[in-house]
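Engineer: my questions concern the predicted model and sequence given below.
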Amino acid sequence: MDDLIAEKFKNQQKSIDNHEERICDLEKTYAIMQKMDYRVENIENSISDINTKLDKQSNEKGMKWDKLIDYLFYAVLAYCLYKLGLK
């Protein structure tokens with residue numbers, strides 16, 4: 001009878017040790033996942049900032065071309081008016 005109890009105790013202890021080891025592994029995995037989440041969040045913020053800067057730059061370039069076209073238009077209009085005799 002004592003052998004049976006000892007054997008059950010041994011099996012249960014082995015099972016508990018196995019569960020403790022798995023819990024420890026899960027805690028390590030969770031800690032790693034938290035660090036990865038933090039890093040991914042930083043990367044997403046950086047990408048968002050880069051996209052914002054690129055959008056501003058492309059808008060500024062577009063505005064420069066718009067100004068140039070305006071100047072050319074007004075220059076041509078002024079030349080045409082000059083040729084027509086409207087001074």
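Structural biologist: It's in. Residues are numbered from 1 along each chain as shown.
Engineer: quick check: the gap between the residue positioned nearest the centre of the chain and residue 74.
Structural biologist: With distances taken as C-alpha atoms, centre = their mean, the chain has residue 44 as the residue nearest its mean C-alpha position (1.6 Å). In this structure, residue 44 and residue 74 are separated by 45 Å, where distance is defined by C-beta to C-beta, to the nearest Å. For every residue, glycine as well, the C-beta is placed using N, CA and C.
Engineer: ok, now residue 85?
Structural biologist: Computed with C-beta to C-beta, the distance linking residue 85 and residue 74 is 18 Å.
Engineer: among the two, which residue is more densely surrounded?
Structural biologist: Set side by side, residue 85 and residue 74 show unequal neighbour counts under other C-beta atoms under 10 Å, the larger going to residue 74 at 10 against 6.
Engineer: which pLDDT does the model give that one?
Structural biologist: If you check residue 74, the pLDDT there is 88.
Engineer: how about residues contacting stretch 29-46?
Structural biologist: In this structure, no residues lie in contact with stretch 29-46 by C-beta atoms under 8 Å, 6 or more residues apart in numbering.
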